[in-house]
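# Sequence plus the predicted model coming up.
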Number of protein chains: 2
Amino acid sequence: MAAYRCPGCGATYPADRKLWRCVCGGPLDLEPGPGLRRDMIAAGEASLWRYRAALMLSAPPLVSLGEGWTPLVTRRWGGAEVRFKLESQMPTGSFKDRGTALMINHLAEIGIGPIHEDSSGNAGASIATYAAAAGIPCRIFVPAAAPRGKIVQIAASGAEVVGIPGTRQDVTAAALAEAEAGRSFYASHNWHPYFIEGTQTLAFELWEQLGFRVPDNILVPTGYGSNILGLERGFDALERGGEIARRPRLFAVQAENCAALAVAWAAGAADYVPFTPKDTVADGIATMRPVRTARVLAALRKSQGGVVAVPEPEIADALAALGRLGLYVEPTAATAGAALTHLLRDGTIRPGETTVAVLTGHGLKAADRIGELLRVG
Amino acid sequence: MAAYRCPGCGATYPADRKLWRCVCGGPLDLEPGPGLRRDMIAAGEASLWRYRAALMLSAPPLVSLGEGWTPLVTRRWGGAEVRFKLESQMPTGSFKDRGTALMINHLAEIGIGPIHEDSSGNAGASIATYAAAAGIPCRIFVPAAAPRGKIVQIAASGAEVVGIPGTRQDVTAAALAEAEAGRSFYASHNWHPYFIEGTQTLAFELWEQLGFRVPDNILVPTGYGSNILGLERGFDALERGGEIARRPRLFAVQAENCAALAVAWAAGAADYVPFTPKDTVADGIATMRPVRTARVLAALRKSQGGVVAVPEPEIADALAALGRLGLYVEPTAATAGAALTHLLRDGTIRPGETTVAVLTGHGLKAADRIGELLRVG
């Protein structure tokens, strides 16, 4: 059985314990896995389970909807050849399925349920869907004003949808209260260490799809940072496996209107810096306070990458440009295109480099919003 | 260069001709391909292009969004183990991408464009998206009252969306008039022979995913029948390759309220029989007059399968049951679940047989409708 470790207080726990955070209140880390070598890949498996030998599960997955092994396509963008990673083509329409698949399989393996989660969108849909597939009763707390399409996707899985009036923080508070009441396990994508065990497979796929080479740059729309931390964990595993000697630069992309990481980055801070958010169409990354802010900032710094904050009007422009390339994504994902334009223009990224932009969610997730942004008549 | 043949008048044409139907007005067939043997499969390719050696294109595909090689998952249904083929997880959210990918790559290969198409839904979104990816100018004629989400997906690709007042037949009439005006090629998913060249890969995948064995039964939600004709073509190719000796039974699933094939089937007719349609939530298969009715009926008969017409209220029940298994699909796709219940109950399909139900479209395609059907509060 794998172990959890708290980087804050140093406590360790076996990973079959019913924990989503440390008793000290801090987020837990899952210990490093065995590392990944190319001869460990199950090449016949067209999903993230091709890397099962490097993942911290005891048994084969109980539940899979074919998540992972998403396409990597090449397009011209801002005078350069860029690779777009289509995480939008996951089973529930967003990258969250990587983390969810690992977390739910781990919970099923150690016999945890019922579960609950707070999410206004993609994570809720992902967790509700995989919980249904695993036969785990599930409840999702959502803002009472959440878009109907998101609520329908959650409810269709048979999960109970609990609308909470007030702010997004009130929804989280309700989920925390439920966790403390002890009737249900808080399967939080923002807290649970196995979520990052899943998102690390993004690193594995990019490396394998590029012919067992790491790219020079990876741009990721980022809220809490589970993809950034997953990429770091994944490249660590490849380093341990002796497969890679250098690391890509990681760029977290945020919407300027709500950019916790960008504010801290600009201040040169090592951890969270308070800021005043404004509305953004990139709702999937409008995060007030990332759980692992310091860890995400450190990962970006160590990679020699950074944070790009995208002005609001440029999101719609990028969305339109991606659509005309046959890449129909939600506004949150389009921030990667807008950031790419900036980094190419200011010379941070050069056209000859191998650059990947991660498109995190499908356009079908947000048709109403997209219709407004693109002024579809 | 491959050849087209008209089964009606016997005319033949090289397939690089700018044709979507025969000069006699009938639909064209593409001549049989080389057949498929398992040693022809490009096993490293996690898309329908793993079967490229069996497909009638001269060159490697110019455009791909990773279409095909969709998951096949097992669930309990009506006391049996059933395989569900998740065509819902295609790039644009529906099975249409198989046919579109072949048709657009063929058109790109022979230098055709601009193109147009008439569709109220999934085919329009698919063709607009692939046309954008291929850089082919595209116009989609839609009913003026088409659901906004469908129009947004089409418009986001940069395609021109032309709303036509009146019935669905009026929309087709507008597309036909445009074709006759000669300014644009009618890239019709219902007419073009390459569309079926693409849908045949469904047969290849099922055979390969079942360990190079054909299933006993395949249920497919069916409007015009491109999946039924594709399955027939695909199993023909496997027979020519010497890979299979027996054939699965094919069951076309329709909504009782609008069931052109079921009406003809019940009458024992070899071709179209007039009928009066009613509204159905399964809008993707509400086809008044399938272009190749006789061919579809013959394929079903030859396979010793049939047509199942699903009563309207059972569609919502099946949709809910699929959702609780983690399979979020559009109402059209849910008809396969309802038909499965019927065929298991009446003994046409026995629990010990290998049965596949094809889930043709993603729930994200129709969240509003699903919310109504499932009475999401």
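Structure's in. What do you need?
# from here on, contacts and neighbour counts on C-alpha atoms
Noted.
# Would you mind measuring from residue A:339 to residue A:315?
9 Å (C-alpha to C-alpha, to the nearest Å).
# between those two, which one's more packed in?
Taking other C-alpha atoms under 10 Å in any protein chain shown, residue A:339 and residue A:315 do not tie; residue A:339 has more neighbours (28 against 25).
# buried stuff in whichever strand or helix holds that one?
Counting by DSSP states H and E, the element that carries residue A:339 is helix A:331-345. For helix A:331-345, a neighbour-count test (16 or more other C-alpha atoms under 10 Å in any protein chain shown) marks A:331-344 as buried.
# Columns distance to residue A:50 and pLDDT on top of these, output as TSV?
Shown next, in TSV, are those (distance: C-alpha to C-alpha, whole Å; pLDDT from 0 to 100):
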residue	distance to residue A:50	pLDDT
A:331	30	97
A:332	28	97
A:333	26	98
A:334	28	98
A:335	30	98
A:336	27	98
A:337	29	98
A:338	32	98
A:339	31	98
A:340	30	98
A:341	33	98
A:342	35	98
A:343	33	98
A:344	34	98
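# show me which of those neighbour chain B.
Among the buried residues of helix A:331-345, no residue lies close to chain B (C-alpha under 8 Å from any C-alpha of the partner chain).
# quick revisit: how about the CA coordinates for the next helix-or-strand element following the helix holding residue A:339, as CSV?
Per DSSP H and E, the first helix or strand lying C-terminal to helix A:331-345 is strand A:355-359. The C-alpha trace of strand A:355-359 is given here as CSV (Å, rounded to 0.1, in the frame of the first residue of the first chain):
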residue,chain,number,x,y,z
THR,A,355,5.5,23.9,-27.8
VAL,A,356,2.3,22.3,-26.4
ALA,A,357,-0.9,24.1,-25.6
VAL,A,358,-3.3,22.1,-23.5
LEU,A,359,-6.9,22.5,-24.4
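# Which SSE is immediately downstream of strand A:355-359?
That would be, after strand A:355-359 and using DSSP H and E, helix A:367-373.
# Next, the buried residues of that following helix.
A:367-371, A:373.
# now do stretch A:161-176
A:161-164, A:168, A:170-172, A:174-176.
# Next: stretch A:19-29.
So, applying 16+ other C-alpha under 10 Å, buried residues of stretch A:19-29: A:19-22, A:26-29.
# Convert the C-alpha atoms of that stretch to CSV, please.
Extracted in CSV, the C-alpha atoms of stretch A:19-29 (Å, rounded to 0.1, in the frame of the first residue of the first chain):
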residue,chain,number,x,y,z
LEU,A,19,-8.2,10.9,4.4
TRP,A,20,-8.5,13.8,2.0
ARG,A,21,-6.1,16.0,4.0
CYS,A,22,-3.7,15.8,6.9
VAL,A,23,-4.9,16.0,10.5
CYS,A,24,-2.9,19.3,10.6
GLY,A,25,-5.3,20.7,8.0
GLY,A,26,-2.7,20.8,5.1
PRO,A,27,-2.9,19.0,1.8
LEU,A,28,-1.2,15.6,1.6
ASP,A,29,1.2,14.3,-1.1
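# which residues touch stretch A:263-282?
Stretch A:263-282 is contacted by residues A:255, A:257-261, A:286, A:288-289, A:293-294, A:297-298, A:306-307, A:312, A:315, A:331-333, A:335, A:369 when judged by C-alpha atoms under 8 Å, 6 or more residues apart in numbering or on different chains.
# and if you look at stretch A:106-120?
Applying C-alpha under 8 Å, 6+ apart, the external contacts of stretch A:106-120 come out as A:16, A:18, A:57-59, A:62, A:124, A:127, A:134, A:136-143, A:146, A:150, A:168, A:171-172, A:175, A:183-189, A:194.
# how many other residues sit next to the nearest residue to residue A:223 once chain neighbours are set aside?
Of all residues not flanking residue A:223 in the chain, residue A:285 sits nearest, at 3.9 Å (C-alpha to C-alpha, 6 or more residues apart in numbering or on different chains). Using other C-alpha under 10 Å, the number of residues around residue A:285 comes to 23.
# From the contacts of stretch A:106-120, which land in strands?
A:138-143, A:185-186 (DSSP state E).
# Okay, strands next: where are they in the stretch 201-350 of chain A?
A:217-221, A:249-255, A:306-310 (DSSP state E, counting those that start in this stretch).
# Which strands or helices does the second one pack on?
In other words, strand A:249-255. strand A:217-221, helix A:293-302, strand A:306-310, helix A:331-345 (3 or more C-alpha pairs under 8 Å, 6 or more residues apart in numbering or on different chains; DSSP states H and E).
# what angle separates it from strand A:306-310?
Interaxial angle, strand A:249-255 versus strand A:306-310 (axes from the mean of the first three to the mean of the last three C-alpha atoms, to 10 degrees): 30 degrees.
# For strand A:249-255, what does the pLDDT average out to?
Average pLDDT, strand A:249-255: 98.
# before we move on, what about stretch A:41-48?
Rounded mean pLDDT across stretch A:41-48 is 97.
# check whether that stretch contacts chain B.
Yes. Counting by C-alpha under 8 Å from any C-alpha, chain B is contacted by stretch A:41-48 at A:43-44, A:46.
# Return a ChimeraX selection command for the buried portion of these.
A single ChimeraX command selects the buried members of the residues of stretch A:41-48 next to chain B (16+ other C-alpha under 10 Å):
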select /A:46
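# now, which of the residues of stretch A:41-48 next to chain B lie within strands?
Going by DSSP E, the strands hold none of the residues of stretch A:41-48 next to chain B.
# Near chain B, which residues of the stretch 151-300 of chain A are found?
Residues of the stretch 151-300 of chain A lying near chain B (C-alpha under 8 Å from any C-alpha): A:152-153, A:155-158.
# Next, check those against the helices and list the overlap.
A:152-153, A:155-156 (DSSP state H).
# show me the contacts for residue A:202.
Residue A:202 touches A:68, A:227, A:230-231, A:234, counting by C-alpha under 8 Å, 6+ apart.
# quick one: it and chain B, what's the gap?
Distance from residue A:202 to chain B, counting by C-alpha to the nearest C-alpha, to the nearest Å: 16 Å.
# Tally up the residues packed near the closest residue to residue A:209 other than its chain neighbours, please.
In space, not counting the residues next to it along the chain, residue A:209 is nearest to residue A:72; the distance is 7.3 Å by C-alpha to C-alpha, 6+ apart. Neighbourhood size, residue A:72 [other C-alpha under 10 Å]: 20.
# which ones are touching residue A:72?
Applying C-alpha under 8 Å, 6+ apart, the residues contacting residue A:72 are A:83-86, A:206, A:209.
# 7 Å - rerun?
Going by C-alpha atoms under 7 Å, 6 or more residues apart in numbering or on different chains, residue A:72 touches A:83-86.
# next one: residue A:76
residue A:82.
# Which of the three states applies to it?
Using DSSP: H, G, I helix; E, B strand; the rest coil, the structure places residue A:76 in strand.
# what bridges to it?
residue A:81 (DSSP bridges).
# count of residues packed around residue A:135?
16.
# Now it. Its backbone dihedrals?
phi 70, psi 30 (degrees, to the nearest 10).
# That one and residue B:74: what is the separation?
The value you get for residue A:135 to residue B:74, if C-alpha to C-alpha is used, is 14 Å.
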